[in-house]
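Q: Requesting a structural model of the entry that follows:
(2 chains, ligands or ions: 1)
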Amino acid sequence: MTDPTRNGEFDDWLDSLSDGDGYYVECDEGHGWLPPRRVCPDCGSRELADVSLPDTGEIATHTTITVPTPQFENDAPYVTAIADFGPVSITGLVRGADPEDVAIGDVVGIGVGERETTGERAVVFRPR
Amino acid sequence: MTDPRIAGAGVTKFGKHPERTGRDLFAEAGLEALDQSGVDPDDVDALYYGNFMGELAEHQGHQGPLMAEAIGVDAPATRLEAACASAGAAVREAVKTLRNGEAEVVVVGGAERMTNIGTAAATDALAIAADDLYEIRAGMTFPGAYALMARVYFEEFGGSHEDLAHVAVKNHEHAVVNDHAQIQKEITLEDALEAPTIASPLGLYDSCPITDGAAAAVLTTEEYADEHDLDAPVAISGTGQGSDNLALQDRPHLARTPAADKATDEAYSDAGIGPDDVDVAEVHDCFTIAEVLAIESLGLYEPGEGIHAAADGETTRHGEMPVNLSGGLKAKGHPVGATGVAQLATIAWVLDGTHPRADAVPDGTVGVAHNAGGTVASTTVHVLEVQE
Ligand SMILES: [Zn+2]
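A: Take a look at the predicted model:
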């Protein structure tokens, strides 16, 4: 199988998470975003700098999905969550925890894992 | 500038029609709307048409001219795509075109064919209304996204799955007499609470079904309606639209829908009304929590208060503020690209007394239609008023 087309800065960003030095981009007013971004949607600033992602985040909301799309057929049931990492929030799969036990406020680390169904990469949170 | 009139509307039976093409569904609704309006098809100046997943479900793009052909109209025809708010966006274009004098008669409508590809592929197709890189690749589905919002709402404002179940029970009861509805069957609170979970905390009965169907309306200027002696007592007096960050993760607040707030402010101001003037509403309840967020954005309830409206009976057909007399997306069904115009038709028929649930608001003169796309990254709101 040929390698799928890379999604530029998104795949660069996943690479950075894999290497344990994740980042986000921040404007001079402190609004944080994930790449690719050329402008801060909040304040319009085009001065965006890379900033290291905090080591841990906190789960802001989560759901256990039992009816997945075909790309996640073998993954289900799985937990998808949004976790806050300072000024950015990130959506990812929660692994290493019983779905029943995942709760708002849980502290998690971030990395990259493979999706069961397709083998493609995905953001993964693990309890810390 | 006058307010466009709704001269006629047509809606197919919503439901499972896997063998029916989009063009056939739209032809049924569009011809019904034209016939009801009494407008000569040669007088139609433009067609605005909503559709979301035509490429995936039917391998058919460029549906604007196809749909004009399907109803025997030779006029500029444009498809609009704003996920589940595609038809609402089409209505807005139609209103603007009539108001600025570029047209006297516009057909507005939408259609979606969804059941032919099956539940899994339809779930996938709906998911692309979310952010592909940051949401879909993290397993987010359309129900999953609303589940994330519901959990934040409960955490922040209180409320429970049981409150949401009352929304489903209400909308199913409303749909029983609506022959356009996909599901004309009452459910109990127990049915809703005991249904399988699809994306916790939401269960099967918190979700709208997957639906095929089409809706269309013929809109004219007031002058055209007068000149041609059309029976068109209901006008679109206000239009509004708002956007938000596409991905939930980029929004400051997951239990509020600012795109709908913006659309509401604009539409109310355009119509010169406020929430106290509203007699009836059709809102985008693709999931039960979505109805709660919608009635709060429409100003009918304060943030955090909408969750109890159905359980308290206030938004039922017997209540002060009936919401989704059609059965809503929940029971009427949600052929994505058609929904916004089906809402328009419902409000028009409720206000002119021809809807089977019109008796819920016998003296109603003002209705609103709230149509949301994706996780409310797009919203249109339209105000309809009876003109004397
Ligand atoms: Zn900024």
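Q: how far away is B:P335 from chain A?
A: From B:P335 across to chain A, the span is 20 Å (C-beta to the nearest C-beta, to the nearest Å). Every residue, glycine included, has its C-beta placed from N, CA and C.
Q: got it, and B:P303?
A: B:P303 is 17 Å from chain A, by C-beta to the nearest C-beta.
Q: Skipping adjacent residues, who's closest to that residue in space?
A: B:E296 (5.2 Å; C-beta to C-beta, 6 or more residues apart in numbering or on different chains).
Q: what secondary structure does that neighbour sit in?
A: With DSSP: H, G, I helix; E, B strand; the rest coil as the basis, B:E296 sits in helix.
Q: before we move on, what about A:G109?
A: Taking three-state DSSP, the label given to A:G109 is strand.
Q: Quick check: it touching A:E58?
A: No. Using C-beta atoms under 8 Å, A:G109 is not in contact with A:E58, being 11.3 Å away.
Q: List the contacts of the residue nearest to B:P303.
A: Listed by C-beta atoms under 8 Å, 6 or more residues apart in numbering or on different chains, the contact set of B:E296 reads B:256-257, B:302-306.
Q: same thing with B:Y146?
A: B:Y146 touches B:199, B:202, B:286-287, B:289-290, B:375, counting by C-beta under 8 Å, 6+ apart.
Q: Quick check: the gap between it and B:A129.
A: As judged by C-beta to C-beta, to the nearest Å, B:Y146 and B:A129 stand 12 Å apart.
Q: Between the two, which contacts overlap?
A: B:T375.
Q: where do the strands sit along chain A?
A: A:23-26, A:32-33, A:49-52, A:56-65, A:78-85, A:88-94, A:107-114, A:121-127 (DSSP state E).
Q: Can you lay out those strands as CSV showing distance to A:R6 and mean pLDDT?
A: As requested, these are exported to CSV (distance: least, C-beta to C-beta, whole Å; pLDDT from 0 to 100):
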stretch, distance to A:R6, mean pLDDT
strand A:23-26, 18, 98
strand A:32-33, 20, 98
strand A:49-52, 19, 98
strand A:56-65, 25, 98
strand A:78-85, 23, 98
strand A:88-94, 19, 98
strand A:107-114, 14, 98
strand A:121-127, 11, 98
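Q: what comes up buried for the helix or strand harbouring B:G144?
A: Secondary-structure assignment from DSSP states H and E places B:G144 in helix B:142-157. Within helix B:142-157, the residues scored as buried using 16 or more other C-beta atoms under 10 Å in any protein chain shown are B:142-155, B:157.
Q: could you list every residue that touches A:P77?
A: So A:P77 contacts A:64-66, A:99 (C-beta under 8 Å, 6+ apart).
Q: Tell me the secondary structure at B:G109.
A: B:G109 is classified as strand under three-state DSSP.
Q: Look at the closest residue to B:L325 other than its chain neighbours and report its pLDDT.
A: Using C-beta to C-beta, 6+ apart and skipping the chain neighbours, the partner closest in space to B:L325 is B:R357 (3.9 Å). In this model, B:R357 is scored at 98, pLDDT.
Q: so who does B:R357 touch?
A: B:174, B:177-178, B:317, B:322, B:325-326, B:350.
Q: Closest one of those to A:E9?
A: Within the contacts of B:R357, the smallest distance to A:E9 is 44.5 Å, found for B:S326 (C-beta to C-beta).
Q: Count the residues that sit near the residue in the stretch 51-200 of chain B positioned nearest to the ion.
A: Relative to the ion, the nearest point of the stretch 51-200 of chain B is B:Y134 (18.3 Å; C-beta to the ion). B:Y134 has 23 neighbours, counted by other C-beta atoms under 10 Å in any protein chain shown.
Q: Would you agree B:A259 is in contact with B:T375?
A: No. With contact defined as C-beta under 8 Å, B:A259 and B:T375 do not form a contacting pair (9.5 Å).
Q: Could you look up the SS state of B:A310?
A: coil.
Q: roughly how far apart are it and B:A165?
A: For B:A310, the distance to B:A165 equals 9 Å [C-beta to C-beta].
Q: What's the local residue count around A:E114?
A: Residues lying near A:E114 (other C-beta under 10 Å) number 12.
Q: show me what contacts it?
A: By C-beta under 8 Å, 6+ apart, the residues touching A:E114 are A:120-122.
Q: so the helix or strand that contains B:A121 versus helix B:142-157, what angle?
A: Taking DSSP H and E as the criterion, B:A121 maps to helix B:118-127. Counting by axes from the mean of the first three to the mean of the last three C-alpha atoms, to 10 degrees, helix B:118-127 lies at 60 degrees to helix B:142-157.
Q: what about helix B:118-127, near chain A?
A: Yes. Using C-beta under 8 Å from any C-beta of the partner chain, we find that helix B:118-127 touches chain A at B:119-121, B:123-124, B:127.
Q: Done for today, thanks.
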